[in-house]
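Undergrad: Quick one: sequence and predicted model below, then my questions.
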Amino acid sequence: MIRVLFVCLGNICRSPMAEAVLRSKVAKAGLANQIEIDSAGTGDWHVGEPPHEGTADILSKQNISTEGMKARQVKESDLMHYHYVVAMDAGNLGELHEMAGVKPTTSLSRLMDYVSESEIEDVPDPYFDGNFKEVYEMVDVGCEKLLEHIRNEEGI
């Protein structure tokens with residue numbers, strides 16, 4: 001089983017959006033029994049909460065479910081459990097590198113690292129500006145490219 005963890009600040013906007021989008025793409029590709037997907041936040045402000053209504057609304061319009069999703073905080077053990085830990089921005093990636101220290105870890109990256117044709121490196125936080133549509137478009141492309149990368153790397 002290949003395990004993917006998306007990480008953002010509070011785990012209510014970007015990372016659950018990416019989790020739901022990739023889960024949908026994986027199911028459509030017939031790979032749900034081979035790829036496990038989760039999300040977490042570097043902060044603990046929203047632990048136990050469902051995705052932000054802006055995230056839930058944009059995903060609902062795309063017929064992508066957020067059912068059962070609840071925010072949680074990333075743990076050090078996640079860095080050993082997941083094969084791909086994918087941050088939404090440089091700040092979150094930095095926190096993950098700090099958490100990892102010098103221990104052997106999994107692949108740490110940003111989602112937009114997989115989109116070679118994009119000049120944008122960070123997925124902006126819609127919690128502050130409400131631009132869930134722009135974020136969804138970035139996440140959708142990023143997840144498509146991430147899935148291509150995983151399929152190539154893992155031979156599935």
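TA: That came through fine. Numbering: from 1, shown residues only.
Undergrad: and residue 141, how many neighbours?
TA: By other C-beta atoms under 10 Å, 17 other residues sit near residue 141. All C-beta spots, glycine's among them, are computed from the backbone N, C-alpha and C.
Undergrad: Spell out the secondary structure type for it.
TA: helix (DSSP: H, G, I helix; E, B strand; the rest coil).
Undergrad: give me the number of residues near the residue nearest to it when sequence neighbours are not counted?
TA: Leaving out its chain neighbours, the residue that sits closest to residue 141 by C-beta to C-beta, 6 or more residues apart in numbering is residue 115, at 5.6 Å. Residue 115 has 18 neighbours, counted by other C-beta under 10 Å.
Undergrad: Double-check residue 115 against residue 145; I have them as touching.
TA: Yes - with contact defined as C-beta atoms under 8 Å, residue 115 reaches residue 145; the gap is 5.1 Å.
Undergrad: can you list the weak-confidence ranges in the protein?
TA: 102-105 (pLDDT under 70).
Undergrad: Which residue ranges of it form helices?
TA: 14-28, 53-61, 78-81, 90-100, 126-129, 132-154 (DSSP state H).
Undergrad: Including distance to residue 70, could those helices go into JSON lines?
TA: Output for the helices of the chain, formatted as JSON lines (distance: least, C-beta to C-beta, whole Å):
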{"stretch": "helix 14-28", "distance to residue 70": "9"}
{"stretch": "helix 53-61", "distance to residue 70": "12"}
{"stretch": "helix 78-81", "distance to residue 70": "15"}
{"stretch": "helix 90-100", "distance to residue 70": "19"}
{"stretch": "helix 126-129", "distance to residue 70": "17"}
{"stretch": "helix 132-154", "distance to residue 70": "19"}
